[in-house]
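J.: Sequence isn't available, so here's the structure alone:
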Ligand code: ADP
Ligand code: MG
């Protein structure tokens, strides 16, 4: 990859150790926070600002509005009421008095405040017993006759760096800014673009953000709407977008087996299914079929709400590879889920004469050797399994399609490990990743610019939407009757325990207690318990038995969350639902309503509810649509948590905030197209600046 390195980039990459006052110790502390170069300091932006450019008459102070004042000490009172307190009253020419109140102070401090001495202080006034007061202001005593210069810019307050004091950090950043190169050496965005937009140059933007002059619009800064911020936000979003695009382009340079069969096997499978595909399933399968015909690798994410029928679409895609005489791997994050896929695939494929091999951690010894050999020789074409599929010992004869279910539970590295198992040198398999965690469109655009996204946005017909109610925890006893009624009709129920404390042990204990209470109240039912402290095989055995109808009620912790398909279960009870996020609640609720029978979900909560919890529960009551829930989740929580940090670099955004700034994404996308077409080397420099060169070699 060719790079244009300008003088500006060299300065940017200069080590922090070249700054005055940075020795080994400070350098190590800064490095621990990811601050290594001058540029890292340029981009270490203030969290907020303090305005010490003016002095406000005390009379004009307003509660809640931070300000700087200067006054003469009128009285000092040291008291002790419940705890030590120091109160200093100051007054100024405006004739008003302000109280400075300290709870932590040293004797030397008390001695400083003499009646008649002058103090300058900064803080946020609050109504106190005798007019306004500032608790723990930052302050400075002025010497006799000292005029006390005023700052000519707002004071930046930086995100703290462990082990480096705020004053030192600020000095270092100011030094780094003094070395900011001139505009033309720093600017990467093409001049033509900058002329079209109302943004300042990068240099100007950085200077404004680090040292805003008096009169800067603080409200705009706090809201992220200041043109200087927008300039940086756009460039950062652009960098992330370009980085993903570049990974995609790199992937596209590889070859992949073009699967151009007639689709006879897929048609056969369709003919044997006891149902018709929904329109959404058909559409997504067609998209996949088109992708697979190309000689370059597919990388497609299929989003589909719980129960939307992703598995059968994956099976149809697998048929295209099998028909071409090639291999398919299907990986799921847990053994139980993988087993479910195995059962489904065997059920569908064996009648067509296609063997399905099984590879999980449990498969050991001779059985394992045998499966590995069958996979290596190409004797089996379809293999289902867990992480075990991604291990080094697994070698494929000719892997054409790698399918990963619930991909967010795997790391990028694991997905890549499977991808790298393509047989022929220079060729990689097509990748199909599936998720039941829908991602809002705006976010998908930013987070997944490196893959194609399809949505199965329709449930198979005949499902009755789950009825959801939220009940105060005090009504817990009523639920015993509901469970009794559901099970009397031959249905099954889940009772999910969660707790404030997230230690496995405490939750397991609570689940155990609930289990015992329910067992005592419902002696006629067969009740089982699963929790995270149980051994994996015990858990699986219990879940399996529940699935086979051997238990009526399953008391569980959130370990049952993902993907388990028990169509006969029709009642889901979630305790302390206010503790769970929307995505998790939606996943849990998705365990019921999988058959034709009407299902119910009861969300038990402890009051008082926070605003957020109220909104979450209301959302759950109002809709069953995973996409709407995801949008709401984004609104309530922000994107970082929604996407998780493992699969995207988005968690590391420095200036941009995906939720606040999502409106810019269409522009960012257009800019990316333009930059890639007009000047790929500039695109590389932008990525290097913001995302780092490491990203280039990471995921694809
Ligand atoms: P998910 O998308 O959550 O992985 P599954 O693939 O497990 O969903 O499908 C859920 C259930 O719906 C399965 O029992 C599956 O056989 C069934 N199913 C899938 N597609 C259809 C369809 N078009 N019509 C009826 N049932 C379907
Ligand atoms: Mg599934």
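T.: Arrived safely, thanks for sending. In this text the structure is predicted, and so the values were computed from the model without any measurement. Ligands and ions are numbered 1, 2, ... in the order given.

J.: Close to ligand 1: what parts of the stretch 351-500 of the chain are there?
T.: The stretch 351-500 of the chain comes close to ligand 1 at residues 436, 460, as judged by CB under 6 Å from any ligand atom. In short, each C-beta sits where N, CA and C put it, glycine included.

J.: all strands of the stretch 351-500 of the chain, in order?
T.: Counting by DSSP state E, counting those that start in this stretch, the stretch 351-500 of the chain has these strands, from start to end: 356-359, 382-385, 399-405, 430-435, 452-456, 467-472, 492-496.

J.: tell me the most buried of the ones you listed?
T.: When neighbours are counted by mean count of other CB atoms under 10 Å, the highest per-stretch mean among the strands of the stretch 351-500 of the chain falls to strand 399-405, a mean of 28.

J.: now that one against strand 430-435, angle please.
T.: Our comparison of strand 399-405 with strand 430-435, counting by axes from the mean of the first three to the mean of the last three CA atoms, to 10 degrees, yields an angle of 10 degrees.

J.: So for the longest helix out of those in the chain, what gets flagged as buried?
T.: Of all segments of type helix in the chain, defined using DSSP state H, the longest is helix 227-252. Judged by neighbour count using 16 or more other CB atoms under 10 Å, the buried positions of helix 227-252 are 228-248, 251.

J.: any idea of the angle that helix forms with strand 430-435?
T.: Using the same axes, to 10 degrees: helix 227-252 against strand 430-435 is 130 degrees.

J.: relative to strand 452-456, how tilted is helix 227-252?
T.: Going by the same axes, to 10 degrees, helix 227-252 is angled at 90 degrees with respect to strand 452-456.

J.: which helices and strands sit right next to helix 227-252?
T.: helix 202-210, helix 441-447, helix 665-678, helix 680-690, helix 694-697 (3 or more CB pairs under 8 Å, 6 or more residues apart in numbering; DSSP states H and E).

J.: could you give the angle of it to helix 680-690?
T.: Between the axis of helix 227-252 and that of helix 680-690 there is an angle of 110 degrees, by the same axes, to 10 degrees.

J.: Show me the shaky parts of the stretch 601-700 of the chain.
T.: 637-652, 659, 693-700 (pLDDT under 70).

J.: Which residue is the nearest non-sequential neighbour of residue 13?
T.: Distances taken as CB to CB, 6 or more residues apart in numbering place residue 37 nearest to residue 13, at 5.2 Å, with adjacent residues excluded.

J.: what's near enough to touch that neighbour?
T.: Residue 37 sits next to 12-16 when contact means CB atoms under 8 Å, 6 or more residues apart in numbering.

J.: for residue 238, same thing?
T.: 668, 671-672, 675, 686.

J.: Identify the residue nearest residue 112 in space, chain neighbours excluded?
T.: Closest to residue 112 by CB to CB, 6+ apart is residue 141, at 5.7 Å.

J.: Can I take it that residue 565 is in a helix?
T.: No: Residue 565: not assigned to a helix; according to DSSP: H, G, I helix; E, B strand; the rest coil it is coil.

J.: So for it, what's the pLDDT?
T.: With respect to pLDDT, residue 565 has a value of 79.

J.: so it makes contact with residue 337?
T.: No: between residue 565 and residue 337 no contact is recorded; they are 9.0 Å apart, counting by CB atoms under 8 Å.

J.: Near ligand 1, which residues of this structure? Just list them.
T.: 275-278, 281, 304, 306-312, 436, 460, 565.

J.: Sitting in helices, which of those residues do you find?
T.: With DSSP H as the criterion, helices contain 281, 310-312 from among the residues of the chain next to ligand 1.

J.: State the pair within the residues you listed that is farthest apart.
T.: 281 and 311 (10.4 Å; CB to CB).

J.: most neighbours, which of the ones in helices among the residues of the chain next to ligand 1?
T.: For those, neighbours were counted by other CB atoms under 10 Å; the highest total belongs to residue 310, with 24 neighbours.

J.: Enumerate every residue touching it.
T.: The contact partners of residue 310, taken as CB under 8 Å, 6+ apart, are 302, 304, 405, 434, 436, 456.

J.: among these, which two are most distant?
T.: In the contacts of residue 310, the most distant members under the criterion CB to CB are 405 and 456, with 13.3 Å between them.

J.: What backbone torsions are found at the closest residue to residue 124 other than its chain neighbours?
T.: Nearest residue to residue 124 in three dimensions, chain neighbours excluded: residue 66, at 4.5 Å (CB to CB, 6+ apart). Its backbone dihedrals place residue 66 at phi -60, psi 140, with angles given as degrees, to the nearest 10.

J.: Kindly report the same for residue 277.
T.: Taking degrees, to the nearest 10, you get phi -70, psi 150 for the backbone angles of residue 277.

J.: from what I can see it touches residue 312, true?
T.: Yes: using CB under 8 Å, residue 277 makes contact with residue 312 at a distance of 7.2 Å.

J.: Give the other helices and strands that the longest strand anywhere in the chain contacts.
T.: Among the elements of the chain assigned as strand by DSSP state E, the one spanning the most residues is strand 67-81. Contact partners of strand 67-81 among helices and strands, from 3+ CB pairs under 8 Å, 6+ apart: strand 83-91, strand 97-102, strand 118-123.

J.: Just the buried residues of the first one, please?
T.: Spelled out, that is strand 83-91. Buried residues in strand 83-91, counted by 16+ other CB under 10 Å: 85-91.

J.: Out of the residues you listed, which is nearest to residue 627?
T.: residue 85 (54.9 Å).

J.: burial of the residue nearest to the closest one when sequence neighbours are not counted, as a residue count?
T.: For residue 85, the nearest residue in space outside its immediate sequence neighbours is residue 79; the separation is 5.1 Å by CB to CB, 6+ apart. Burial of residue 79 is recorded as 9 neighbouring residues (other CB under 10 Å).

J.: Right, I'll leave it there.
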